[in-house]
Structure formats: C-alpha cells, structure tokens
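Task: produce atomic coordinates for the following.
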Amino acid sequence: MGLEGLAGVQARISEIQQRFVRPPLASIGTAPAPGGAGATDFAALLEQATAAPAAGGRAGEFLHAALGQAGDPYVWGASAAATDPDPDAFDCSELTKWAAKQVGIDLPDGSWLQYLDLKGRGALVPVEQALRTPGALLFSFSEEPRPGGGRPAGAHVAISLGDGRTIEARGREYGVGTFDAADRFEYGAIIPGL
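Okay, the predicted model is just below:
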C-alpha cells in the first residue's frame, strides 16, 4: 500500500475516532464503554497490521478495509453494497464479505456459507494457524455446517489480525471492533487469493 493509501486509511481512522469518541478500554477484548463498539486505538492497530510481513498486498488491504469500519454498529442481517465505500452497519459475515469485495474477492453471505465455500475449496486450516495469519477467517458454530443443512443455531465469523486478535462485527453490544480471539473459535480458513 502506497503512502497515499496509508494516509487515506489514517484519515478514515481519525474520522471514526471523532465520530465515536469514547474513553479507551484498559485492554482489547474487555467490555466496551456503554454504547461503545469495543475497539480502541485504531492507529496502533493499523500500524501493527501494516507491520506484519504477511499483511502486505491484498491481505493488508483486506484488513485495512475491515479495520476502517471499526466503530460501526452491529445489525443482524445488515446488507452492505460492495460499491459503498463506508457502509453504516454490519453483521459478522457481511463485514468479511464486504471487506473481501474491496480487494476483488467474492465470498457468500452467511458465516456458515462462507465456511462451506472455503471448505469446498480446500482452504480450511487449524485455528492456531489462522490466529497467526493476518486476514484468515475464524469461525464458531454450535455445530459444524453441512451442505444443505441450513444455518446452525449459533454461527459467527471473524477476521484474524495475525496476533491473537480479531476485527469483527461481534454483536449488538460490541459492534465492529477488535477483540482477543481467546478460545472462541473452532475452525479457521485462508481466503484463496489473499
């Protein structure tokens, strides 16, 4: 990413911080301030994602697109047009789908459909590997999705920052933000083409 691109991302981060002024959290992954989105120091997150060697190229752009939405609210079933440079709300799979489309990659809508798509392409990896891979997807399901089986009762997807943290639309209480991945995920996948 060139300096113009980085400057644009940093300007977007400043805009988000001004739009969603809230006291910083003691640590990433703790409960957010009332009405908060759970994300804290966007500039530091951007710097860390940019500094990771594997976060260059399309993977870095994918992460930057997702990180640029930090502070947006979570709305289940939200739809974000791929051509919209700044959607207003996301659910978990819409964030991953929208951010991927920003770098020219198509993902289906729905966390379980994304999982099935990536599994069908042989792109599943161990969770430990996904946690160390910037731009990998992390999934959590109440039961493993099966073709033709429908959406599991519990289904979630997040994007790995490569350092044990995620950028994700986590839920109404949190919105889009960065969080500690901890032991929340059972499946990992690499998006082909990143």
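
just checking, next helix/strand downstream of the worst-scoring helix or strand of the chain on mean pLDDT?
Every helix and strand of the chain was ranked by mean pLDDT, DSSP states H and E. The lowest is helix 42-51, at a mean of 46. Counting by DSSP states H and E, the next helix or strand C-terminal to helix 42-51 is helix 57-67.

gap between that following helix and the chain center?
10 Å (Cα atoms, centre = their mean, to the nearest Å).

residues of that helix that come out buried?
For helix 57-67, a neighbour-count test (16 or more other Cβ atoms under 10 Å) marks 58, 59, 60, 61, 62, 63, 64, 65, 66, 67 as buried. (Each C-beta comes from the backbone N, C-alpha and C, glycine too.)

How confident was the prediction at the last one?
Among the per-residue scores, residue 67 shows a pLDDT of 97.

Identify the residue nearest it in space, chain neighbours excluded?
Spatial nearest neighbour of residue 67, chain neighbours left out: residue 167 (5.4 Å); criterion: Cβ to Cβ, 6 or more residues apart in numbering.

Quick check: phi and psi on the one you found?
The phi/psi pair for residue 167 (degrees, to the nearest 10) reads phi -110, psi 130.

Is it bridged to anything, and to what?
residue 159, residue 178 (DSSP bridges).
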